[in-house]
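In: using only what follows, build the 3D model:
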Amino acid sequence: MRIGIFTDSYLPYTSGVVRSIQTFTEELTTLGHEVYIFAPSYRNCDNESRVFRFASIPSPTNPDFTLAVPFSLKLKPTITRLELDLIHVHSPFLLGRVGARYARKLGVPLVFTYHTLYDKYVHYLPFAQSYTKELAQKISRDFCNLCDLVIVPTDIIGDYLHEIGVLTEVNRVPTGIKISDYQKGDPEWLQSQYKIKTKDKVLLFVGRLGKEKNICFLLESFKILNKIMENTVLVLVGGGPEEEELKEKAVELGIENRVIFTGTLPPEVVVNCYAGSSLFVFPSVTETQGIVIAEAKAAGLPVVAIKAYGVSEMVEDGVDGYLTEPVPEEFAAKILTLLKNDKLKEELGKRARQNAEKLSSTNCTARLVESYQEVLDKKDISANNAAKGN
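Out: Sure, this is the predicted structure:
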């Protein structure tokens, strides 16, 4: 297949969406498919033969993010030359709309992955003050209903789309990970790099430091925990617009000496962070999946997370981690349960590693290819029926 990917974010920007596109692109290419990516430009972008960059401007609400100017004189001849079989978009906004328009022009199937609960991310949009939950749902519903197929990473997000009125067929295809990559980390790197004592228990969070990740809740929960178990350290891996405010919050709570902000780290180093941690903590209530949970599980870490949206399907409560209500005391209590019982922690960690196998990138890509083929077959049947009707 020749697949066109249209996305409003791509490398060097880092996010769950970008990592999903990266992972699937690598696997699809390995299988012999040709993948072409249409994305915004960023400062110091690498030139890649199969990546088409649109001129872009910095986002006024997130300096690391750019907004593509959805127009280029080179686009039409480029797409015509590529002879795409299918267009897969990853946003209902700027470049997602461009991809949808060209899918209609070319008469090829349009697939959309619903990555984001958009009403939870309005603080990143320049027109956020006039952006309401109802409008977010309308945009999502209307765009989904323009597509031939909608991909969701978890069933609960598929249910959500049906509830808001999406009629298009919805397939569950999680983003997979390369399991073996997360079983090769150096367990001593984190302690050595940040001078963490051997006796300390390390709680790890990996993700963007943004409001939607609910990290203030995590800091409040950690304060409760650290009062009871002083040899605990919270490591926050990632950067983002809330970083300075979160550092101030740690000072306000009196835990700044027990919280480590690493900033953004390359993937091969993040693997070492997983290897050197006791368990993974995830407070976000806006995830459609939560790829970092799969990574943590592949590294053998039990997970304590808030029971919300996609996370509810990523953690099996009492099996490979715990799901809690958004109550700091309850969250801290579940962490404490694991830290005080090494045997229990080891059992849940072992199951976490076993369950992560279900999310291997190979298996997930096979499901994606199957979905592509189904929508292509349906398009062919429709075209043949239309031809017979004429």
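
In: contacts and neighbour counts: CA atoms only from here.
Out: Will do.

In: low-scoring pLDDT stretches of the stretch 51-200 of the chain, where are they?
Out: Applying pLDDT under 70 to the stretch 51-200 of the chain flags residues 120-131.

In: for it, which segments count as strands?
Out: Remark: strands assigned in the stretch 51-200 of the chain by DSSP state E, counting those that start in this stretch are 51-54, 56-59, 62-68, 86-89, 110-113, 149-152, 170-172.

In: just to be sure, residue 292 is in a helix?
Out: Yes. Counting by DSSP: H, G, I helix; E, B strand; the rest coil, residue 292 is located in a helix.

In: show me what contacts it?
Out: Contacts here follow CA atoms under 8 Å, 6 or more residues apart in numbering; on that basis residue 292 touches 206, 207.

In: still on that earlier bit, with mean neighbour count added, can I get the strands of the stretch 51-200 of the chain in a markdown table?
Out: Compiled in a markdown table, the strands of the stretch 51-200 of the chain are given as follows (neighbours: other CA atoms under 10 Å):
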| stretch | mean neighbour count |
| --- | --- |
| strand 51-54 | 19 |
| strand 56-59 | 16 |
| strand 62-68 | 18 |
| strand 86-89 | 25 |
| strand 110-113 | 25 |
| strand 149-152 | 24 |
| strand 170-172 | 20 |
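
In: chain neighbours aside, what residue packs nearest to residue 142?
Out: Leaving aside its sequence neighbours, residue 142 sits nearest to residue 166 (CA to CA, 6 or more residues apart in numbering; 7.6 Å).

In: which residues are in contact with stretch 162-180?
Out: By CA under 8 Å, 6+ apart, stretch 162-180 touches 20, 23-24, 137, 141-142, 144-155, 158, 289, 291, 294-295, 298, 356-357, 359-365, 367-368, 371.

In: and it, what's buried?
Out: 166-168, 170-179 (16 or more other CA atoms under 10 Å).

In: export these to TSV and append columns for distance to residue 323.
Out: Below are the buried residues of stretch 162-180 laid out as TSV (distance: CA to CA, whole Å):
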residue	distance to residue 323
166	29
167	31
168	31
170	26
171	25
172	22
173	22
174	20
175	21
176	21
177	22
178	25
179	23
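
In: which one among those gets closest to residue 109?
Out: Residue 109 has its nearest neighbour among the buried residues of stretch 162-180 in residue 168, at 12.5 Å by CA to CA.

In: quick check: that closest one vs residue 160, distance?
Out: Going from residue 168 to residue 160 by CA to CA, to the nearest Å gives 13 Å.

In: on that earlier part again, make a markdown table from the strands of the stretch 51-200 of the chain and add distance to residue 283 to it.
Out: Formatted as a markdown table, the strands of the stretch 51-200 of the chain follow (distance: least, CA to CA, whole Å):
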| stretch | distance to residue 283 |
| --- | --- |
| strand 51-54 | 34 |
| strand 56-59 | 26 |
| strand 62-68 | 22 |
| strand 86-89 | 28 |
| strand 110-113 | 24 |
| strand 149-152 | 21 |
| strand 170-172 | 24 |
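
In: who wins for proximity to residue 241 among those strands?
Out: Per CA to CA, nearest to residue 241 of the strands of the stretch 51-200 of the chain: strand 62-68, 6.7 Å.

In: for that closest one, name the packing helices and strands.
Out: strand 34-40, strand 56-59, helix 94-106 (3 or more CA pairs under 8 Å, 6 or more residues apart in numbering; DSSP states H and E).

In: out of the ones you listed, which is the most enclosed?
Out: Most buried of the helices and strands packed on strand 62-68, by mean neighbour count (mean count of other CA atoms under 10 Å): strand 34-40, with a mean of 22.

In: tilt between it and strand 62-68?
Out: 120 degrees (axes from the mean of the first three to the mean of the last three CA atoms, to 10 degrees).

In: run the angle between strand 34-40 and helix 94-106 for me.
Out: Using the same axes, to 10 degrees: strand 34-40 against helix 94-106 is 130 degrees.

In: residues contacting strand 34-40, please?
Out: Under CA under 8 Å, 6+ apart, the answer for strand 34-40 is 1-10, 25, 28-29, 50-56, 66-69, 95.

In: pull the CA atoms of that strand into PDB?
Out: What follows is strand 34-40, C-alpha atoms only, in PDB (Å, rounded to 0.1, in the frame of the first residue of the first chain):
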ATOM      1  CA  GLU A  34       5.200   3.000   1.500                       C
ATOM      2  CA  VAL A  35       4.400   5.700   4.000                       C
ATOM      3  CA  TYR A  36       4.500   9.400   3.200                       C
ATOM      4  CA  ILE A  37       4.100  12.000   6.000                       C
ATOM      5  CA  PHE A  38       2.600  15.500   5.600                       C
ATOM      6  CA  ALA A  39       3.400  17.600   8.700                       C
ATOM      7  CA  PRO A  40       4.300  21.000  10.000                       C
END
